[in-house]
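Asker: here's my sequence, what's the structure:
(2 chains)
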Amino acid sequence: MNGNGQIHVNRCDFGVKMTENKELLRIEGLRKDFGTLQVLKDISLSVGQSKKVALIGPSGSGKTTLLRCINHLESPTGGHIYLDGDLIGEEKRGVRYVRSSAARLARQRLDMGFVFQNFYLWPHLTVQENVALCPWKVQGKSQKEAMDLAEAMLEKVHMAHKRKEYPERLSGGQQQRVGIARALAQQPKIILFDEPTSALDPELVGEVLGVIQELAAEGRSMVLVTHEIRFARDVADEVVFMDGGLVVEKGAPADVIDNPSNERTIRFLGQLRG
Amino acid sequence: MMEYLDQFAAFLSVYPAKLPQWEGVLIRAIKTTLIVTAGSFAVALVIGVLLALARLSKNALLRGIARFYIEIARGVPALVILFLLYFGLPPLGIVMDAVPTAILGLGLSTGGYVAEIIRAGIEATHKGQREAGLTIGMSSWQINRYIILPQAARISLPSLMNTLITVLKDSSLASLITAPELMLRAKAISSTDFLPMHILLLVGAIYLCLAIPLSQLSRLLERRMFSKLGNRM
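Answerer: Numbering: from 1, shown residues only, chains lettered A, B, ... in the order given. Modelled structure (predicted):
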């Protein structure tokens, strides 16, 4: 067991007193290789209940791969992911870990909303159907319940007025807000945002960040891969700087962004400021 | 010149006398042609969807079987398949009427083409669409059912309509295994009435009249598809 695991055990020892800082997501020694390329080299992270963690770092540092490994869109090469104590995508048999069934992984993914950089709304469904599909067809709610829930979620992202439209008729910012509503509709424990504003025209970034900020204020747990450093500083409880498949520095935004200690972090932030 | 026109008029003058006589037979034959066409296209659609999914599956065995089938179906003439079924199955104890045999044979053959059309439609949907389905907890079956196939169907629709027209014309092959469809009846009439040109022209016109609405529909659908894709860019 590595250092992070130890911290978890210690926390548990505090019991009730620590419930406010209850751990929600734990990443233990995560590795991911693509062929001979090591994209993630031993990543360990912990996200507490209601916490917002921002992943920043240069392109190719492994942020997106890390996010995709959390819900097993990519199968990790090594290491383990726990959500709310539940081992994701694997089962422990004695001392061995075996891949869990597709059905179990699918159920676990329901607990993790995922927001894509390129939205990936389904073009043959209306906005409302996009959001209702999960509660309706996956969670088995009635069509009416699912559509009502979808409308409520669209309300949250200020898109209810476009519910009858098809995605192609929406701007990028609007599509992304629908993408967020779709993730909300599955009533996840945590939301994973993969560069939610990187594919948007600059003037559309604000409306999406605004929605994410509102969700953050509701106390939702989230992991956010982003290049919006100022937004990360405003919203995140913790900022994690990654480079070369490793966590280089992590801590409170004020520390990592305003007073970085690592040379690589300093260089990265310096480049962003130009 | 006048000579030819007279001949042509004489040629046409046969129709008013003969049409009432042929009408009943031809209408029944048209029905059979439509049944063979619709039936074999339905068989082809089912086979095509299954083959397309198998062709794109992670399972190497399924992929291999699908590829093998598609190569055979595309490489062997439909007529050979019809003969094999019609004359080859009875000795094995499987006896089917001509119409079901035609539906099965043309369906099996066309299924190979339909599979490739649907595969192209599936591959045209972005990988991200499937991933988005995974993130909302869907099984791959649900993703195919609710996300991929509805889109693939739309993309494939114009090509599928063309295939339907081909099937309509290929249904004439069923005459060679004695299915009582348009072509078989035409041959029968032409040998009893000794008017082969008259009946062939008429039957050709009937096929054309059945095919034109289909090709119009396919053009309409194609235009709608393009305008949709245009908006998406």
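
Asker: so where's the chain shaky on pLDDT?
Answerer: In the absence of a named chain, this looks at chain A. Residue ranges of chain A with pLDDT under 70: A:1-20, A:274.

Asker: hm, I was asking about chain B
Answerer: Ranges of chain B meeting pLDDT under 70: B:225-233.

Asker: got the residues of it near chain A?
Answerer: Within chain B, the residues that sit near chain A (Cβ under 8 Å from any Cβ of the partner chain) are B:126, B:128-129, B:131-132, B:134-140, B:142, B:146-147, B:150-151, B:154, B:228, B:231-232. Quick note: C-beta positions are derived from backbone N, CA and C, even for glycine.

Asker: buried among these? Make that a PyMOL selection.
Answerer: Only the buried members of the residues of chain B next to chain A enter the following PyMOL selection, criterion being 16 or more other Cβ atoms under 10 Å in any protein chain shown:
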select buried, chain B and resi 129+131+132+134+135+136+137+138+140+142+146+147+151+154
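
Asker: next, count neighbours for residue 90.
Answerer: In the absence of a named chain, chain A is used. Applying other Cβ atoms under 10 Å in any protein chain shown, we find 18 other residues in the vicinity of residue A:90.

Asker: that's the wrong chain, I meant chain B
Answerer: The tally of other residues near residue B:90 (other Cβ under 10 Å) stands at 12.

Asker: over to residue A:121?
Answerer: When neighbours are defined as other Cβ under 10 Å, residue A:121 has 25 of them.

Asker: that one: what secondary structure?
Answerer: Going by DSSP: H, G, I helix; E, B strand; the rest coil, the secondary structure assigned to residue A:121 is coil.

Asker: for the chain, which helix is longest?
Answerer: Picking chain A for this. Longest helix of chain A, by residue count under DSSP state H: helix A:202-217.

Asker: you answered for a different chain; I wanted chain B.
Answerer: Counting residues, the longest helix found in chain B (DSSP H) is helix B:2-55.

Asker: which SSE is the spatially most central residue of chain B in?
Answerer: Geometric centre of chain B, nearest residue: residue B:167, 2.6 Å, by Cα atoms, centre = their mean. Using DSSP states H and E, residue B:167 maps to helix B:149-170.

Asker: what's that helix packed up against?
Answerer: Other helices and strands packing on helix B:149-170, by 3 or more Cβ pairs under 8 Å, 6 or more residues apart in numbering or on different chains; DSSP states H and E, are helix B:2-55, helix B:98-124, helix B:196-232.

Asker: separation between residue B:66 and residue B:41?
Answerer: In this view, residue B:66 and residue B:41 are 20 Å apart by Cβ to Cβ, to the nearest Å.

Asker: my bad, should have said residue A:225
Answerer: Residue A:225 sits 48 Å away from residue B:41, going by Cβ to Cβ.

Asker: who's more crowded, those two?
Answerer: residue A:225 (27 against 24).

Asker: that one: what's it in contact with?
Answerer: By Cβ atoms under 8 Å, 6 or more residues apart in numbering or on different chains, residue A:225 lies in contact with A:54, A:55, A:56, A:63, A:64, A:66, A:67, A:193, A:194, A:195.

Asker: which SS class is the closest residue to the last one other than its chain neighbours?
Answerer: Translated: residue A:195. Nearest residue to residue A:195 in three dimensions, chain neighbours excluded: residue A:117, at 4.3 Å (Cβ to Cβ, 6 or more residues apart in numbering or on different chains). Using three-state DSSP, the secondary structure recorded for residue A:117 is coil.
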